[in-house]
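J.: Need a 3D model of the sequence below.
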Amino acid sequence: MLKKKVVVGMSGGVDSSVAAYLLKEQGYDVIGVTMNIWQEEDRCSREDHGGCCGLSAVEDARRVAAKLDIPYYVMNFKEPFKRYVMDYFVEEYLQGRTPNPCNACNRYVKWEALLHRALEIGADYIATGHYARIAKLDNGRYTIMNSVTAEKDQTYALYSLTQEQLAHTLMPVGAYHKEEIRSIAEGLGLVVANKKDSQDICFVLDGDYAGFIQRTVPERVPGPGDFVLSDGTVVGQHKGITHYTIGQRRGLEVAVGKRIFVNKIDVEKNQIVLGDDEEVFADHLIAQDINYMAAPSFSDGTELLAKIRYSHKGTMCRVTNLEDGKLRLDFVEPVRAVTPGQAVVLYDGDYVAGGGTILE
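T.: Next comes the predicted model:
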């Protein structure tokens, strides 16, 4: 019987490296692939950066593939990465929203583009080193389950994957704790066994998001404007809306006699609305661009756990269907810093029920 063929997205890190090993041990015909997503950065900056898909990642992944005795290729995904991740990132900030570039990269590059390429070369699956598990439910639908290690769980960043993508995806690392993955890598003598995890947004090398946007589209970046309170009182000048996100307190450089936070970004008026801690809490949100995962739809009144950011532990909410496919989520208790542009991911126990993009 022919072995099932799987293309493993190898980022040069320990998780994807061990994922390739585990799948080979399970009897799959494994091919390692690193996605070349860089645009025009020079060799030195890429080598120094060493992120998830930079030059050093390619070198590390190539050495791991050689150690595991699997074929390895670098594939060009510059165009979809620029369109679906970098351009999206810039546009969202210009519209006063806070984007999820890693979620967009997962949906459109690591899955849609890579899966299409993998199927073209005769593969049955793609695989990654994400800490999550895939399950097929009794209703026939695929969903993502929490990994066995809560502190590394990455289901929040994967809520937008389609049924077709999930049907052709393997995630072997989700059944292990991080310490176990590093131990396996050490036992194999992999050079990446103790490599640090990539944390920052990979295409903003210095972490200066506003500076990146300024360099990318200088003609479109709005200039300084007013800091205002919720009643419209002007209390200072901001540096430009791309410098701020909902709930931000540090770096405001404005004094009003109490702790103050960003409560709203008004693009039309070029204003940053400030409020005290209580004003940053919300009892509901509206979400759009819904991706249903564990179920094809939600009934009004369905109770689910909602996570409004990667680090959020989650709050129970009740779902109401709105026009145009949007959802209203009413929280059992108020949630801090609901941020337009971020993802809200809905859980039914350990399963991802679905999710969408926060509109307001």
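J.: how about the helices in the chain?
T.: With DSSP state H as the criterion, the chain has helices at 14-25, 43-49, 55-68, 78-81, 87-94, 101-105, 114-120, 163-167, 178-188, 209-216.
J.: Mean pLDDT, distance to residue 296 and mean neighbour count added to those helices, as TSV?
T.: C-beta coordinates here come from the backbone N, C-alpha and C atoms, glycine included. TSV is the format used below for the helices of the chain (pLDDT from 0 to 100; distance: least, Cβ to Cβ, whole Å; neighbours: other Cβ atoms under 10 Å):
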stretch	mean pLDDT	distance to residue 296	mean neighbour count
helix 14-25	96	30	24
helix 43-49	45	41	14
helix 55-68	88	38	20
helix 78-81	92	27	18
helix 87-94	95	27	19
helix 101-105	90	21	23
helix 114-120	93	22	17
helix 163-167	96	9	15
helix 178-188	94	34	16
helix 209-216	92	36	16
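J.: any low-confidence regions in the protein?
T.: 1, 39-55, 199-200 (pLDDT under 70).
J.: Residue 285: what's it in contact with?
T.: In this structure, residue 285 makes contact with 308, 328, 329, 331, 335, 338, 344, 358, 359, 360, judged by Cβ atoms under 8 Å, 6 or more residues apart in numbering.
J.: The same query, at a cut-off of 7 Å, please.
T.: Applying Cβ atoms under 7 Å, 6 or more residues apart in numbering, we find residue 285 in contact with 329, 338, 344, 358, 360.
J.: In PyMOL, select just the buried ones from those.
T.: Those of the contacts of residue 285 that count as buried under 16 or more other Cβ atoms under 10 Å are selected in PyMOL with:
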select buried, resi 329+338+344+358
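J.: For residue 131, list the residues it contacts.
T.: 147, 149, 152, 153, 154, 173, 174.
J.: taking the residues you listed one by one, which sit in strands?
T.: Nothing among these maps onto strands, per DSSP state E.
J.: Determine which two of those are furthest apart.
T.: Maximum pairwise distance among the contacts of residue 131 (Cβ to Cβ): 11.3 Å, between 153 and 173.
J.: what about these two, which has more around it?
T.: Neighbour totals were compared for residue 153 and residue 173, and residue 173 leads with 30 against 20 (other Cβ atoms under 10 Å).
J.: doesn't residue 182 make contact with the more buried one?
T.: No - using Cβ atoms under 7 Å, residue 173 makes no contact with residue 182, being 11.3 Å away.
J.: ok, residue 130 touching residue 154?
T.: Yes - if you go by Cβ under 7 Å, residue 130 and residue 154 touch, sitting 4.7 Å apart.
J.: Looking at the two, which one has more neighbours?
T.: Neighbour tally, residue 130 and residue 154, criterion other Cβ under 10 Å: the higher count belongs to residue 130, 26 against 21.
J.: Tell me the spacing between the more buried one and residue 23.
T.: According to Cβ to Cβ, to the nearest Å, residue 130 and residue 23 sit 14 Å apart.
J.: rewinding a little: so which of the contacts of residue 131 is the closest to residue 205?
T.: Residue 205 lies nearest to residue 154 out of the contacts of residue 131, by Cβ to Cβ, at 22.9 Å.
J.: residues contacting the closest one?
T.: 130, 131, 132.
J.: Let's see that with 10 Å instead.
T.: With contacts defined as Cβ atoms under 10 Å, 6 or more residues apart in numbering, residue 154 is in contact with 15, 102, 106, 128-132, 144, 146-147, 171, 173-174, 310.
J.: Name the nearest of the residues you listed relative to residue 79.
T.: Proximity of those to residue 79 (Cβ to Cβ) peaks at residue 106, which lies at 17.2 Å.
J.: State the number of residues packed around the closest one.
T.: So residue 106, with other Cβ under 10 Å, has 22 neighbours.
J.: Verify the contact between it and residue 115 for me.
T.: No - look at residue 106 against residue 115 with Cβ atoms under 10 Å: they stay out of range, at 11.4 Å.
J.: Overlap in contacts, the two.
T.: 161, 165.
J.: before we move on, the earlier item: overlap in contacts, residue 173 and residue 182.
T.: 14, 15, 18.
J.: what sits against the second one?
T.: This points to residue 15. Here residue 15 is in contact with 128-131, 152, 154, 172-173, 176, 178, 181-182, 185, 192, 195, 197 (criterion: Cβ under 10 Å, 6+ apart).
J.: The first one now?
T.: Residues near residue 14 by Cβ under 10 Å, 6+ apart: 60, 64, 129, 173, 178, 181-182, 184-186, 190-197.
J.: follow-up on the earlier one: so what sits against both of residue 130 and residue 154?
T.: Counting by Cβ under 10 Å, 6+ apart, the residues touching both residue 130 and residue 154 are 15, 106, 144, 147, 171, 173, 174.
J.: For those residues, which two are the farthest from each other?
T.: Across the shared contacts of residue 130 and residue 154 (Cβ to Cβ), the longest gap, 16.0 Å, separates 15 and 144.
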